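Engineer: would you be able to build a 3D model of this:
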Amino acid sequence: MVTAAGRHRQRPAPSVGAGKQTGFRPDVQGLRAIAVGVVVFYHLYPKLLPGGYVGVDVFFVISGFLITSHLARGYRKTGRIKLLDFWGRRARRLLPAAALVLTVTWLASRVILPASRLPATAEQVRASALYFQNWVLARDAVNYLTAEDAPSPVQHFWSLSVEEQFYLLWPLLFAVAALVGLRWRRRLGQLTVFLLAAAVLIVSLGFSVHLTRTDPAAAYFVTTTRMWELAAGGLLALLPGRVTRVLDRQGWLAWIGLAMVASSTFVIKGTSAFPGTIALLPVGGAVLMIAGGSRLGRFGPWRLTSLAPMVFLGDISYSLYLWHWPLIVLWKDHSGGGIGYLDGPAIAAVAIVLAWLTKVLVEDRVRSARLIVRRPAFSIATVVVLAVPVGLVALYTPPGAYHPKYDAQHAGAAALAGASTSRSPSTATGTQSLASVEPPPAQAANDYEHFSNCQTPTEDVTPRPCLSGDKTNPTLRVALVGDSVAGQWHSDIETIAKEKHWLLLTDLHGLCPWTATLTAKEGTSTPNKNCQKWGSEITDVLLTQFHPDVVITSARPVLGTPSHSKVDATSFGQIAAGMATYWRQLEAAGAKVVPIRESPEPHFDVPDCLTSPGGSIQKCTVSKAKAVDPDTPIVQAVQMMKGSVDMVDMNSLICGQALCSPVIGDVVVYRDSHHLTLTYQRTLLPYLRSKLLTTKAFVP
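Structural biologist: As a prediction, the model looks like this:
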């Protein structure tokens, strides 16, 4: 969240509009304090302030207002726009503090974070240093296989990236206006920049509404859905002087704006589709607070927003935003828990101290250095400061791409099955060294089958079935349908399909169990209508187009229903009933159903556990009673089918009699908190083949 935060109190700041300047505005600093305060509080205690992330949107408005005011003043005086000077000011204002935080955060990450998270963190440090972090997060957010990754300690740099991209593009509007003004009249140039800014706002807002509806995961991060928020502050700064003189005196507008910003932190939830139209609440509130928040506004809230503590927090808000998130993430990893009621204030206090020191010793000194101020080229040269974190990251050599080995050297499931292996019997109990296991724990997160053509994106509803196996003269028509846990069996089932000359149709949907019941989005009571619609549509594809002989399915047992957001017996029963509904429809059409029981879940990221400081196989082993739910939806659905469906249960080959080890034989079992590694899943192939082909669906 690159902002114009932390400006010297003695430096002038514009009033509303291009037509007037009243000097430094402490109320704007107070608005910054509100914005950074709600963001920090939200990151510490998200359940207490569910919409606190809208502080970023408030900052966007402030930045758009101040930057546009600066550009408009320069154009009004000279009729020109000095792009090099503008970008130089931005560089010396923002980059040194960002480089410092990135450098310290990366060095601390090397000590504190599990080795399995360092490659992703390194990628994000590089993206943050070069200001395209928001696009990296947008890419990861729409990829279900990476969307559940633990947050990196520099993830918050996504909003700095948005603003830096804005700073590159926005001055070009004034460059166009300057050309118009030189050829015709300066007033026509002013009108040109206003109309261009309004067009940016309208187009960006429209695209934001569209993408938030169709692809909300990406919409949150991309610049094109956020540009309108900065443009809103910019348009306020471009209003004619006669309009702004009226607005300056309407203190009641600022009270309305304050109420809008405050209410948005509670009305908007973490599960809300954002930004879209709902972002108009905090953005509009911020615009109104700036419009009527100065001392000229009678009965306005400026006495509150201009208090000394508010101005102080506003002065350091940029550095405070930079420091608070790495402290939170690294502390949670170091302590191994959440943020308690004492941890939060302590982290906030440390962040404030670091922010103040950064402002005084880094921000102010670099910005006011005589050589840099006199020579704009030296301002641009401060970009080389970013060579520090980028260079440090470049020294880090991430593990190479892992290529699963499917040969017999891996004991894997054979250790639990009691088969003879080249390893000692202790391998089934997880007492061997991590140095000899496959995949290496630091690379286990990437040990999965890389295919996307058979998987419907998380926020989409249209099935994407793909075909494999024998497409010319199949002996059976078999379908694999379900969520990503069903998908983890795809490689083995496809191998069996090729052996047996089946035609295999695969269609998967992350986070969506295949059930007619309306489920809730994970951890919430928000209905997931996309899942229900996808389930209905793929069932229709099976019944009317593919006409399968057998349908294989599985699911992850974590979702509830809207009326039961917490997983309990009632919600599991409702989901099971919805599964049985589809199974009966298929049976009526002559197809057989083979469910694979839900896999055990350790309920923590296994590679992170193994690679964290002090991590070991014993430390990352859980009891089978904790990992295996005896009454999951698939188990209940099978019972509802009253003997017509055989369930394949692979769990005795994933957990021992009492314990679930993260390593079995010489193979790491999990690539995250619930998905099997592809390497371990492949060791299950002979056992899955045996169990699958002896069910009623395949036995004549």
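Engineer: and the chain, what are its domains?
Structural biologist: 26-395, 451-597+632-649 (automatic domain parsing).
Engineer: quick one, what contacts the closest residue to P557 other than its chain neighbours?
Structural biologist: Spatial nearest neighbour of P557, chain neighbours left out: T632 (4.0 Å); criterion: Cβ to Cβ, 6 or more residues apart in numbering. C-betas here are computed from N, CA, C, even on glycine. Applying Cβ atoms under 8 Å, 6 or more residues apart in numbering, we find T632 in contact with P557, F572, R597, E598.
Engineer: number of residues surrounding the third one?
Structural biologist: I take that to be R597. The tally of other residues near R597 (other Cβ atoms under 10 Å) stands at 19.
Engineer: beyond the helix or strand harbouring A259, next helix or strand please.
Structural biologist: Using DSSP states H and E, A259 falls within helix 251-267. As assigned by DSSP H and E, the chain's next helix or strand after helix 251-267 is helix 280-292.
Engineer: following that next one, which helix or strand shows up next?
Structural biologist: helix 302-305.
Engineer: and whatever helix or strand comes next after that next one, average pLDDT?
Structural biologist: Following helix 302-305 in sequence order, the next helix or strand is helix 308-315 (DSSP H and E). Computed over helix 308-315, the mean pLDDT rounds to 95.
Engineer: tally of neighbours for the nearest residue to H324 once chain neighbours are set aside?
Structural biologist: Spatially, and ignoring its direct neighbours in sequence, H324 is nearest to A351 (4.1 Å; Cβ to Cβ, 6+ apart). The number of residues packed around A351, counting by other Cβ under 10 Å, is 24.
Engineer: pLDDT weak spots in the stretch 501-650 of the chain?
Structural biologist: Low-confidence segments of the stretch 501-650 of the chain, defined by pLDDT under 70: 523, 565-566.
Engineer: and the strands in it?
Structural biologist: Using DSSP state E, counting those that start in this stretch, the strands of the stretch 501-650 of the chain run over 502-509, 550-554, 592-595, 622-623.
Engineer: the bottom helix or strand of this structure by mean pLDDT?
Structural biologist: helix 144-147 (a mean of 53; mean pLDDT, DSSP states H and E).
Engineer: may I have the phi/psi pair for the residue nearest to P557?
Structural biologist: The phi/psi pair for T632 (degrees, to the nearest 10) reads phi -80, psi 170.
Engineer: and the residue nearest to H324, what helix or strand is that in?
Structural biologist: helix 343-358.
Engineer: okay, buried residues for that helix please.
Structural biologist: D343, G344, I347, A348, A351, I352, L354, A355, W356, T358 (16 or more other Cβ atoms under 10 Å).
Engineer: check what contacts it and list those residues.
Structural biologist: Under Cβ under 8 Å, 6+ apart, the answer for helix 343-358 is 40, 44-45, 97, 100-101, 313, 316-320, 322-324, 327-328, 331, 335, 339.
Engineer: for that helix, what is the average pLDDT?
Structural biologist: Helix 343-358 comes out at a mean pLDDT of 97.
Engineer: distance between whichever helix or strand comes after that helix and the chain's centre?
Structural biologist: Where DSSP H and E defines the elements, the next helix or strand beyond helix 343-358 is helix 364-368. Mean-position distance between helix 364-368 and its chain equals 34 Å (Cα atoms, centre = their mean, to the nearest Å).
Engineer: what of stretch 624-631?
Structural biologist: 29 Å.
Engineer: end to end, how far does that stretch reach?
Structural biologist: 14 Å (Cα to Cα, to the nearest Å).
Engineer: what's the answer for stretch 666-679, then?
Structural biologist: With Cα to Cα applied, stretch 666-679 spans 10 Å between its terminal residues.
Engineer: thinking again about what came up before, dump the helix holding A259 to PDB, restricted to CA.
Structural biologist: Output in PDB follows, covering the C-alpha atoms of helix 251-267 (Å, rounded to 0.1, in the frame of the first residue of the first chain):
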ATOM      1  CA  GLY A 251     -18.200  19.900   7.800                       C
ATOM      2  CA  TRP A 252     -21.300  17.600   7.900                       C
ATOM      3  CA  LEU A 253     -20.000  15.900   4.800                       C
ATOM      4  CA  ALA A 254     -16.900  14.700   6.700                       C
ATOM      5  CA  TRP A 255     -19.100  13.300   9.500                       C
ATOM      6  CA  ILE A 256     -21.100  11.300   6.900                       C
ATOM      7  CA  GLY A 257     -17.800  10.100   5.400                       C
ATOM      8  CA  LEU A 258     -16.500   9.100   8.800                       C
ATOM      9  CA  ALA A 259     -19.600   7.100   9.400                       C
ATOM     10  CA  MET A 260     -19.300   5.400   6.100                       C
ATOM     11  CA  VAL A 261     -15.700   4.400   6.600                       C
ATOM     12  CA  ALA A 262     -16.300   3.200  10.200                       C
ATOM     13  CA  SER A 263     -19.400   1.200   9.200                       C
ATOM     14  CA  SER A 264     -17.600  -0.400   6.300                       C
ATOM     15  CA  THR A 265     -15.100  -2.000   8.700                       C
ATOM     16  CA  PHE A 266     -18.100  -4.000  10.200                       C
ATOM     17  CA  VAL A 267     -20.600  -4.300   7.300                       C
END
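Engineer: quick one: end-to-end length of stretch 449-465, please.
Structural biologist: Rule used - Cα to Cα; the end-to-end distance of stretch 449-465 is 16 Å.
Engineer: and stretch 648-659, by the same measure?
Structural biologist: First-to-last residue span, stretch 648-659, Cα to Cα: 21 Å.
Engineer: list the buried residues for it?
Structural biologist: Neighbour-count burial for stretch 648-659 [16+ other Cβ under 10 Å]: V648, M650, L653, I654, C655, G656, L659.
Engineer: and what of stretch 683-691?
Structural biologist: T683, L684, L685, Y687, L688, R689, K691.
Engineer: no more questions from me, cheers.
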